[in-house]
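Chemist: sequence and predicted model, in that order:
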Amino acid sequence: TLQYSLSVIVNGHRGDAGGNRMDALEEMTRRAVALAAEGAVAHFDRFPSPGQYAQVRTSSDTVRQLTRAKLIGDCTELVDFLKSLDAGMDIQAGGGRSEGEGFCLNSGGFFQEQESTSWSLAGGFCRVAGEDMLFSGSSRSWGEVNEFYDLQAIKKELQEDYQYGIRPAGAISGVYPVLLSPQAAGMFLGPVLSALNGRSVFKGTSPLKDKLGQRCFDPKLTLRDEPHLDYAPGSSAYDDAGLPTRPVTLIDAGVVRMFLYDYDTAHLAGVEPTAHSACEPYNTRVQLGGMPSEELLRSIKRGLYVKY
């Protein structure tokens, strides 16, 4: 499918429009100009000039060679495997691949073309026993078919969830260790990343607004944003204004090191832009600790494990 979007600045206000027909591009441009009359205030008067951009791989022939028959076969195998655990469960599986071509340009002279590919593979189940309901799901996606495309790993995760989940655990009281799965840890990090949003900092709604350079988290926490990871879903060499992106450290040993600013918000706040579209990170990575998660789990004699 063909899609495009455009933004214009007229008398300090921004107008946006988009469509899927190239023969209507001039009409969409006129519409964007008309919308700018009532549009949001633009805090800059010109788009940035081109810069130096990293080479980031976003497209792979390995995805183009991934056939419909292969995806259907893997999903069928996953459904049959889950049926072998419990045929009475509600079971689902899905997979797909996509290819895209696009370009981004601005009136400052910036122009970049990009091709992209991606695949996805997922499965899940719901088991109902009386008033108890057990849900589990596992999914993977990437821009290249490599070791991440691992049907056996998805099976293993779902099987473990099923085997542990069907055994009722009694309630416990007291103080116990809690281990978060990677999925649960990511959910806990969501509010932290929201607090690093430059627009929230400028508005004064971020709890970290006055904490730059201060230790606000455990010294074991180091958080980086990596926009140049080859084939990662969020990777990009440039932001939506045309600024070059770069890897950065957001939290270093518990210390807040930076806030995230897109081009417009940076002008609003009077700071340098960090090339983060919508003031959001691209690929957030937590620095690994000294003990694998499976070893951590084995070390807990009695406690709570939070999967989702």
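Modeler: Cool, the structure landed.
Chemist: wouldn't residue 12 be in contact with residue 42 here?
Modeler: Yes - between residue 12 and residue 42 there is a contact under CB atoms under 8 Å: 5.9 Å. (C-beta placed from N, C-alpha, C; glycine too.)
Chemist: who's more crowded, the two?
Modeler: Neighbours per residue (other CB atoms under 10 Å) separate residue 12 from residue 42, with residue 42 holding more: 21 against 12.
Chemist: that one against residue 13, yeah?
Modeler: Yes - counting by CB under 8 Å, residue 42 touches residue 13, with 6.1 Å between them.
Chemist: this protein: helices as residue ranges?
Modeler: Chain-ordered helices for the chain, with DSSP state H as the definition, fall at 25-36, 61-64, 68-85, 151-165, 182-195, 198-203, 263-269, 293-299.
Chemist: could you dump these to a markdown table with distance to residue 253 and mean pLDDT?
Modeler: Output for these, formatted as a markdown table (distance: least, CB to CB, whole Å; pLDDT from 0 to 100):
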| stretch | distance to residue 253 | mean pLDDT |
| --- | --- | --- |
| helix 25-36 | 45 | 95 |
| helix 61-64 | 38 | 98 |
| helix 68-85 | 41 | 98 |
| helix 151-165 | 31 | 95 |
| helix 182-195 | 15 | 92 |
| helix 198-203 | 21 | 98 |
| helix 263-269 | 26 | 97 |
| helix 293-299 | 20 | 87 |
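Chemist: can I get the ones you listed in JSON lines with distance to residue 276 and mean neighbour count?
Modeler: Formatted as JSON lines, the helices of the chain follow (distance: least, CB to CB, whole Å; neighbours: other CB atoms under 10 Å):
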{"stretch": "helix 25-36", "distance to residue 276": "24", "mean neighbour count": "16"}
{"stretch": "helix 61-64", "distance to residue 276": "27", "mean neighbour count": "14"}
{"stretch": "helix 68-85", "distance to residue 276": "34", "mean neighbour count": "15"}
{"stretch": "helix 151-165", "distance to residue 276": "31", "mean neighbour count": "16"}
{"stretch": "helix 182-195", "distance to residue 276": "11", "mean neighbour count": "13"}
{"stretch": "helix 198-203", "distance to residue 276": "8", "mean neighbour count": "20"}
{"stretch": "helix 263-269", "distance to residue 276": "9", "mean neighbour count": "21"}
{"stretch": "helix 293-299", "distance to residue 276": "29", "mean neighbour count": "11"}
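Chemist: thank you kindly, that will do.
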